[in-house]
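In: I'll drop the sequence and a predicted model, then ask my questions.
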Amino acid sequence: MPRSRAGDLLSRIGMRVPIIQSPMAGVSTAAMAAAVSQTGGLGSLGIGAMTAEQARTIIREFRALSDGPLNVNLFVHQPAKVDPGRDLAWLERLAPEFGRWGRPAPTSLREIYPSFLDNIDMLEMLVAERPRVVSFHFGLPHPAQIDALHRAGAVLLASATNLDEARAVEAAGIDAVVAQGFEAGGHRGVFDPDVGDSRLTTVALTRLLARSVSVPVIAAGGIMDGAGVAAAVALGACAVQMGTAFLATDESLADAGFRTRLQGSAAHQTVMTRVISGRPARSLSNDFTRWGETVPDGVIPDYPIAYDAGKALNAIAKAAGNLGYGADWAGQGAPLVRAMSTQQLMSTLIEELRAASAAMQGRTEGGA
């Protein structure tokens with residue numbers, strides 16, 4: 001990817017530094033996103049689990065705090081296949097875990113939020129509110145949705161975990177591809193979770209895409225400091241997307257149990273699991289992921305139906321004082337997390353990036 005096109009993308013967005021804070025639905029906040037954008041990066045909000053009105057409210061909350069660019073992220077998964085027999089069997093399997101906290105398992109499961117593919121209200125809201133960037137996870141929107149968002153002035157991003165997905169992103173007319181390495185926290189962006197995952201690392205995937213597609217590449221996964229940002233840019237990325245690095249910031253909604261595990265041995269033991277939500281996702285090791293270690297994927301309901309049960313179990317356990325059943329999404333860089341305000345973290349990252357870039361330049365000149 002020519003540097004000029006990569007620079008053009010950052011300029012169109014309004015970024016001064018190549019750092020995008022990951023959307024992290026359920027953890028990121030308007031205050032976090034605003035602090036990132038105010039310091040030259042791109043703040044993000046995950047709105048895939050929200051209604052259109054809830055999303056409108058948080059977009060406006062961001063705008064009350066910052067005049068910088070905002071990225072809103074949407075889930076573009078294929079609608080779940082409802083299987084009452086499988087759902088019932090899943091609830092029966094979970095019943096002993098509910099019973100540990102003195103409550104019965106639910107008697108049914110719901111598809112707790114729709115895919116953007118079917119969400120007309122969300123599209124209309126985005127066209128009206130005109131966020132600077134709209135990004136997609138789990139797949140691609142319909143061509144008409146892409147056209148509508150482009151006409152509204154949005155820069156569009158989409159995640160890819162392999163070259164085939166990245167080429168689909170490019171062919172769809174999306175403006176840039178987010179190269180999500182296997183070490184990244186949270187949900188894998190695979191378009192089809194039932195097809196074998198190539199499990200490419202961020203380094204391998206970023207370099208592969210930088211050499212193989214014509215759209216700018218954004219590296220995501222395992223990047224925790226300014227040296228990591230500089231390394232990703234050297235591989236051909238125009239920017240990086242960082243999520244785990246922001247988990248322990250003051251503005252994060254991570255609860256006490258999550259923050260405690262981030263500071264302990266669990267940070268060194270992330271696992272890829274489907275049991276929480278129905279899709280592969282990287283989480284810190286906790287009571288729920290350990291319970292799920294022997295559960296075969298084929299018995300778990302589709303995303304987000306399985307998430308209905310996972311959220312219910314977490315709420316019941318939490319009410320009983322156990323914080324071990326949450327969606328503790330975090331990447332393999334979790335041991336490097338730093339607790340500080342988002343503004344302090346961004347300032348630190350920028351200084352580290354400058355130092356690392358200068359060191360790289362010095363080594364290049366010294367070897368010339």
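Out: Now that the structure is in, tell me what you want to look at. Numbering: from 1, shown residues only.

In: Mind jotting down where the helices sit in the stretch 101-250 of the chain?
Out: If DSSP state H, counting those that start in this stretch is used as the criterion, the helices of the stretch 101-250 of the chain fall at 120-129, 143-151, 163-171, 202-212, 226-234.

In: for the fourth one, packing partners?
Out: The criterion is 3 or more CB pairs under 8 Å, 6 or more residues apart in numbering; DSSP states H and E, and the helices and strands that helix 202-212 contacts are helix 163-171, strand 176-180, strand 217-220, helix 226-234. C-beta: built from backbone N, CA, C; applies to glycine.

In: Not including adjacent chain positions, what is the nearest residue to Pro18?
Out: Nearest residue to Pro18 in three dimensions, chain neighbours excluded: Ala239, at 3.7 Å (CB to CB, 6 or more residues apart in numbering).

In: For the closest residue to Met50 other than its chain neighbours, give me its contacts.
Out: Excluding its sequence neighbours, the residue lying closest to Met50 (CB to CB, 6+ apart) is Ile58, at 7.3 Å. Counting by CB atoms under 8 Å, 6 or more residues apart in numbering, Ile58 touches Ala30, Leu45, Ile47, Met50.

In: coming back round to it: put together TSV for the helices of the stretch 101-250 of the chain, with mean neighbour count on each row.
Out: Formatted as TSV, these follow (neighbours: other CB atoms under 10 Å):
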stretch	mean neighbour count
helix 120-129	17
helix 143-151	15
helix 163-171	18
helix 202-212	21
helix 226-234	22
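
In: I'd say Phe288 and Leu313 touch.
Out: Yes. The pair Phe288 / Leu313 is scored as a contact, 7.1 Å apart, by CB atoms under 8 Å.

In: out of those two, which sits in the busier spot?
Out: Leu313 (25 against 22; other CB atoms under 10 Å).

In: I'd like the distance between the more buried one and Asp287.
Out: According to CB to CB, to the nearest Å, Leu313 stands 10 Å off from Asp287.

In: intersection of neighbour lists for these two?
Out: Here Leu313 and Asp287 share the contacting residues Tyr325, scored by CB under 8 Å, 6+ apart.

In: Please write out the alpha-carbon positions of stretch 189-200 in PDB.
Out: These are the backbone C-alpha positions of stretch 189-200, laid out as PDB (Å, rounded to 0.1, in the frame of the first residue of the first chain):
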ATOM      1  CA  GLY A 189     -13.900 -11.300  12.900                       C
ATOM      2  CA  VAL A 190     -14.200 -14.400  10.800                       C
ATOM      3  CA  PHE A 191     -17.000 -14.200   8.300                       C
ATOM      4  CA  ASP A 192     -18.100 -17.800   8.800                       C
ATOM      5  CA  PRO A 193     -17.200 -19.200  12.300                       C
ATOM      6  CA  ASP A 194     -17.800 -22.800  11.100                       C
ATOM      7  CA  VAL A 195     -15.100 -22.600   8.400                       C
ATOM      8  CA  GLY A 196     -11.600 -23.500   9.500                       C
ATOM      9  CA  ASP A 197      -9.700 -20.500  11.000                       C
ATOM     10  CA  SER A 198      -6.200 -19.900   9.500                       C
ATOM     11  CA  ARG A 199      -5.200 -18.300  12.800                       C
ATOM     12  CA  LEU A 200      -2.800 -15.900  11.300                       C
END
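
In: Check which residues of that stretch are buried.
Out: Buried residues in stretch 189-200, counted by 16 or more other CB atoms under 10 Å: Gly189, Val190, Phe191, Pro193, Leu200.

In: you'd agree the last one is up against Asp164?
Out: Right, the one you point to is Leu200. No. Proximity of Leu200 to Asp164 does not meet the contact threshold set by CB under 8 Å, at 11.4 Å.

In: Next up, the contacts around the nearest residue to Thr107 once chain neighbours are set aside.
Out: Residue nearest to Thr107 in three dimensions, not counting chain neighbours: Leu91, with 7.3 Å by CB to CB, 6+ apart. By CB under 8 Å, 6+ apart, the contact list for Leu91 reads Ala105, Pro106, Thr107, Ser108, Leu109, Ala309.

In: need the longest helix for the protein.
Out: For the chain, the longest helix by residue count, based on DSSP state H, is helix 342-366.

In: Brilliant, that's me finished.
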